[in-house]
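A.B. asks: My questions concern the predicted model and sequence given below.
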Amino acid sequence: MSEAPRPHPLAAVARLVMLALVAVLTLITTRDLGQLRWVALLAIAGAPAVLVPRHPVVAPIGRFAEVIILGMATSEVAAAANLRAGLGASAMLPYLSVPLTVAVLQRRTREATALLGVTAVTLAASGMFTAVNGQPQLTQPGYVAVCVQWLILASLGILAAGTLQQMMQARGDAKPAPYAEATRLLTQLRSVARQLPGATLDPGSISEHLIEELRTVAPAGRTAVLSGSGGGRLVVLAQAGLERVDWETTLDADSAIADAWASQLPQTAARSQARSHPGGDVSALVVPLVAGVRTVGLVILETDSANAYPSSVVARITALTRPAALRLEAALLFDEVRSLATNEERQRLAREIHDGVAQELVMVGYGIDNALATLPEAAEQTGDELRTLRGEVTRVITELRLSLFELRSEVDRHGGLAAAIAEYARTVGSSGRLRVHLSLDESGARLPAATEAELLRIAQEAITNARKHAGAANLWVTCDIDPPYAQIEVSDDGQGIADQRPDGRYGLAIMAERAERIRGRLEIRPRHPSGTTVAVVLGTSPRRDSVRDSVTASEGE
């Protein structure tokens, strides 16, 4: 049997304070100690609410007794106040808040409404039977006005308390569902994105579409869309022009780019925003892409003529960039959410492999070692089989460790993409007994984080295929990164692509999908005199029109 709820001391104290207040007001209004009998009756009627507040029968009966006594007391005190009937009624009616508040707090809204109705009926009936100067109390304007005022206030209080109670209950009953909410929001985002020009959530595609629109309304020999990458630097999402431009990507530099980012206002300049411009007459316009209160990117337009961007042209350009800013922010947020989800899943898989099958394989290896140690010398055939099995277990453990390293490796925003690829190539080369030859050329500018992540995965897959399937002795890894251009090449001197095991072709399909996702191109071709070259190219470099020639053996010497 459950224990009955104990009286709450704070509730008893609050009730006593209200009774004392009513008693003081009654004495001030009537100057008659006899009227305090009503206060005593209210205290008796309220005793059940204090002693057994949750009793399903006694507590409600006590509250109804309170409002009935209160209605009778109000008319009697008002009559005793004589011409100050309204003031007399105001002395008792504040106590009405006590039973109503208790009922609402116990989620008894219907009971509170019934208590209010009983109070109104009691006030009306008592007002008919009590008189002042021969006239019924109910005909006194002051009495009626005060009673109606308190009944209206009590009704509003019940309504507000009931609404608040429902809101709190709904909030308490609602279970956190972050993934359900994320799914709903992303579904809405996808639906909206399909209705926009380009129907994509790819920041690069959105930026290219914006550049095409801008070049139809303003002169622009060179155009680019940049976004923030953290660390006070910008990354180039897309650009167009007769030649490749080395844009200024540092936000702490003295440039129109930095001014536009900080002020969120278009900036014009008579000098190029590129670090390698030859000079001459130049008009530059930098327009911030502002979504809400946040700057999400910049649009740069340049042409080799003076005063090419008057206020009328700036107005036409900003009319295009305002809606584009929201689209770009949505795409960047989607990219970030996808990257976070992917990284979290990779880390989870790495933990499960490390704590699960990897540990079990290690225990199997220890068991084989123990079996070999206790094996009789005469059982040579069994020993050979166990040693072969031990070697296979060691090989599988090595593969698992490399897989864990691949899952956990990420592009450090301070180290760069080339450093991450080099670290992976060295680790894999060491475990696979490959001589690794690195050629790294990376500028200070950075690619978007999602693009760097995809290029790293492509390089990892190419290096892994060379180690597992090619039977190579040498591995050449070339990284040429100068945003928005990037080229990653992985070459080996093993058996050709046609002779490799078929299970490696699944990795080639994955690499092709990753390259397509970042709008790059994947090229796979034989290397002479032997081996295979896998290259992924992003953008176009002015120094080379296609993927460089296959790496020859002399490059590694």
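C.D. replies: Perfect, I can see it now.
A.B. asks: Now do the strands in the stretch 301-450 of the chain.
C.D. replies: For the stretch 301-450 of the chain, the strands defined by DSSP state E, counting those that start in this stretch occupy 435-442.
A.B. asks: now the helices for it?
C.D. replies: Remark: helices assigned in the stretch 301-450 of the chain by DSSP state H, counting those that start in this stretch are 311-353, 359-373, 380-408, 417-432, 449-469.
A.B. asks: Can you give me the distance of the most centrally placed residue in the chain to Q347?
C.D. replies: Nearest to the mean C-alpha position of the chain, counting by C-alpha atoms, centre = their mean, stands V337 at 7.2 Å. Using C-beta to C-beta, to the nearest Å, V337 is found at 16 Å from Q347. Every residue, glycine included, has its C-beta placed from N, CA and C.
A.B. asks: secondary structure element for R107?
C.D. replies: Using DSSP states H and E, R107 sits in no helix or strand.
A.B. asks: Quick one: neighbours of it, just the number.
C.D. replies: For R107, the neighbour count with other C-beta atoms under 10 Å is 14.
A.B. asks: Repeat that for V17.
C.D. replies: With other C-beta under 10 Å as criterion, V17 counts 10.
A.B. asks: and what of the one 5 residues further on?
C.D. replies: V22 has 23 neighbouring residues, counting by other C-beta under 10 Å.
A.B. asks: residue contacts, it?
C.D. replies: 39, 42, 91-92, 94-95 (C-beta atoms under 8 Å, 6 or more residues apart in numbering).
A.B. asks: run the last query once more with 6 Å
C.D. replies: By C-beta atoms under 6 Å, 6 or more residues apart in numbering, the contact list for V22 reads 39, 92, 95.
A.B. asks: Spatially nearest residue to the second one (excluding sequence neighbours)?
C.D. replies: Right, the one you point to is M92. T74 (4.4 Å; C-beta to C-beta, 6 or more residues apart in numbering).
A.B. asks: how would you label T113: helix, strand or coil?
C.D. replies: helix (DSSP: H, G, I helix; E, B strand; the rest coil).
A.B. asks: Model confidence for it, exactly?
C.D. replies: What the model reports for T113 is a pLDDT of 86.
A.B. asks: what's the spacing between the residue nearest to it when sequence neighbours are not counted and Q106?
C.D. replies: Closest residue in space to T113, ignoring its immediate chain neighbours: I158 at 6.4 Å, by C-beta to C-beta, 6+ apart. To Q106, I158 is 13 Å away according to C-beta to C-beta.
A.B. asks: Equivalent analysis for H437, please.
C.D. replies: Distance from H437 to Q106, by C-beta to C-beta: 79 Å.
A.B. asks: how about low-confidence regions in the stretch 401-550 of the chain?
C.D. replies: Scanning the stretch 401-550 of the chain for pLDDT under 70 picks out 405-409, 412-414, 497-506, 541-550.
A.B. asks: how does it look with 50?
C.D. replies: Applying pLDDT under 50 to the stretch 401-550 of the chain flags residues 499-503, 542, 544-550.
A.B. asks: Please name the residues that touch L19.
C.D. replies: Residues near L19 by C-beta under 6 Å, 6+ apart: 39, 43.
A.B. asks: And the pLDDT at it?
C.D. replies: At L19, pLDDT is 87.
A.B. asks: Please verify my assumption that V58 contacts V52.
C.D. replies: Yes: applying C-beta atoms under 6 Å, one finds V58 in contact with V52, separated by 5.3 Å.
A.B. asks: that older thread, more crowded one of I158 and Q106?
C.D. replies: I158 (19 against 16).
A.B. asks: packing partners for the helix or strand harbouring that one?
C.D. replies: I158 belongs to helix 141-173 when assigned by DSSP H and E. Using 3 or more C-beta pairs under 6 Å, 6 or more residues apart in numbering; DSSP states H and E, the elements in contact with helix 141-173 are helix 85-92, helix 109-129.
A.B. asks: Distance from the chain centre to the helix or strand following the shortest one, please.
C.D. replies: Going back to what we said before, that points to helix 85-92. Going down the chain from helix 85-92, the next helix or strand is helix 97-105, by DSSP H and E. How far helix 97-105 lies from its chain's middle: 42 Å, per C-alpha atoms, centre = their mean, to the nearest Å.
A.B. asks: Helix 97-105 to helix 141-173, inter-axis angle?
C.D. replies: With axes from the mean of the first three to the mean of the last three C-alpha atoms, to 10 degrees defining the directions, helix 97-105 sits at 30 degrees from helix 141-173.
A.B. asks: in helix 97-105, what's buried?
C.D. replies: For helix 97-105, a neighbour-count test (16 or more other C-beta atoms under 10 Å) marks 98-104 as buried.
A.B. asks: can I get those in CSV with pLDDT and distance to A240?
C.D. replies: Output for the buried residues of helix 97-105, formatted as CSV (pLDDT from 0 to 100; distance: C-beta to C-beta, whole Å):
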residue, pLDDT, distance to A240
V98, 83, 76
P99, 84, 76
L100, 82, 72
T101, 80, 70
V102, 80, 73
A103, 81, 72
V104, 77, 67
